[in-house]
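Q: build me a structure from this.
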Amino acid sequence: MDGCYNPLKSGEFHFLQPSTLANSPFPYSLGEWQEQPESKEPPLELYGPADHWSHREDDEDYYTQAGDLFRLMSKEQQQVLFENTARSVGGADLGVQKRHISNCLKADLQYGKGVAEALGITE
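A: This next block holds a predicted model:
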């Protein structure tokens, strides 16, 4: 990722080593850093109760918008997306790569297949 600023590698967080970052925060699959609703602040009384808004209460669909955008792309743009994605997640653990492919498949079948092919994953 040449030319990109990564705060985990420089600046305020330069002291973090890869071993420090091994346990990634939620929503990753290690099961650590889960939300704790019992620890939230109580609602504030303003002009009626004000409380924390959970986007999960009314947002079940994380894939339609991505699939719609993918289908607007030309074949050439889609190929660039596959190649960029492969470069971005290609160094991640195989499980992370497969999870990303699974998410792409939920957006559009061809999107998931293209990313899998670019990553060289056939299973």
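Q: which stretches of this structure have low pLDDT?
A: 1-33 (pLDDT under 70).
Q: just the strands from this protein, written as ranges.
A: 44-45, 49-50 (DSSP state E).
Q: export those to TSV and tack on mean neighbour count and distance to residue 77?
A: Heads up, the C-betas are built off the backbone N, CA and C, glycines and all. Below are the strands of the chain laid out as TSV (neighbours: other Cβ atoms under 10 Å; distance: least, Cβ to Cβ, whole Å):
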stretch	mean neighbour count	distance to residue 77
strand 44-45	8	46
strand 49-50	10	43
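Q: as CSV, these with distance to residue 60 would be great.
A: Compiled in CSV, those are given as follows (distance: least, Cβ to Cβ, whole Å):
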stretch, distance to residue 60
strand 44-45, 28
strand 49-50, 24
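Q: can you check which of these gets nearest to residue 121?
A: Checking the strands of the chain against residue 121 by Cβ to Cβ gives strand 49-50 as the closest, at 46.2 Å.
Q: mind listing what that closest one pairs with, with the direction of each?
A: Paired neighbours of strand 49-50 in the sheet (DSSP bridges): strand 44-45 (antiparallel).
Q: what distance separates the partner strand from the centre of its chain?
A: 33 Å (Cα atoms, centre = their mean, to the nearest Å).
Q: excluding its backbone neighbours, what's nearest residue 94?
A: Excluding the flanking residues, the one nearest residue 94 by Cβ to Cβ, 6 or more residues apart in numbering is residue 121, at 7.7 Å.
Q: tell me the buried residues in stretch 74-89?
A: Going by neighbour count (16 or more other Cβ atoms under 10 Å), the buried part of stretch 74-89 is 78, 81-82, 85-86, 89.
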